[in-house]
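Trainee: Okay, here's the prediction I keep looking at, along with the sequence it came from:
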Amino acid sequence: CYDLKWSIFAGIALVVAAVFSLGLPIVFFYLLRRQFRALQTHASELSDCYIAHNDDPADPRALLEYRTALKNYQQATRSWRGLFSLHGDYKPNFVYWELVELVRRTVMTSFSIV
């Protein structure tokens, strides 16, 4: 039963399991962190441009900067909503909690299989 063919498939299965169980949380963390930072940056930029535009509403440069900041913020918001399944059930301070749950479920499943 434990011949060369079995050993090859077992090795491949271990590599795939390791990549899946370690790689998926790492990729999710990277995506969440990148989008969360982009959203915070664009929100801050939008706030600054809004204040500058209200200080001098006749300034066309301030209006252009405000519109650009608004467009960037809307794009970041759409990207953030694309990751809703990873952070939708959690408050903003706990956006990474789904990753903890994913690792916990992976470890518990691994121990139950072994």
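Mentor: Yep, that arrived. Numbering: from 1, shown residues only.
Trainee: Next up, the contacts around the residue most central in space within the chain.
Mentor: For the chain, the residue whose C-alpha lies nearest the mean C-alpha position (Cα atoms, centre = their mean) is residue 32; its distance is 1.6 Å. Shown here is residue 32, whose contacts under the criterion Cβ atoms under 8 Å, 6 or more residues apart in numbering are 83, 86-87, 95-96, 99. Placement of C-beta: from N, CA and C, glycine included.
Trainee: for the residues you listed, which one is nearest residue 111?
Mentor: Within these, distances to residue 111 taken as Cβ to Cβ reach their minimum at residue 99, with 18.9 Å.
Trainee: Excluding chain neighbours, what is closest to that closest one?
Mentor: Setting aside the residues directly before and after it, residue 99 is nearest to residue 25 in space (Cβ to Cβ, 6 or more residues apart in numbering), at 5.1 Å.
Trainee: Go ahead and confirm residue 38 touches residue 83.
Mentor: No: under the contact definition of Cβ atoms under 8 Å, residue 38 does not touch residue 83, with a separation of 11.3 Å.
Trainee: Residue 103 is in contact with residue 25, isn't it?
Mentor: Yes: using Cβ under 8 Å, residue 103 makes contact with residue 25 at a distance of 5.4 Å.
Trainee: More neighbours: those two, which one.
Mentor: Regarding residue 103 and residue 25, a neighbour count based on other Cβ atoms under 10 Å identifies residue 25 as having more, with 18 against 14.
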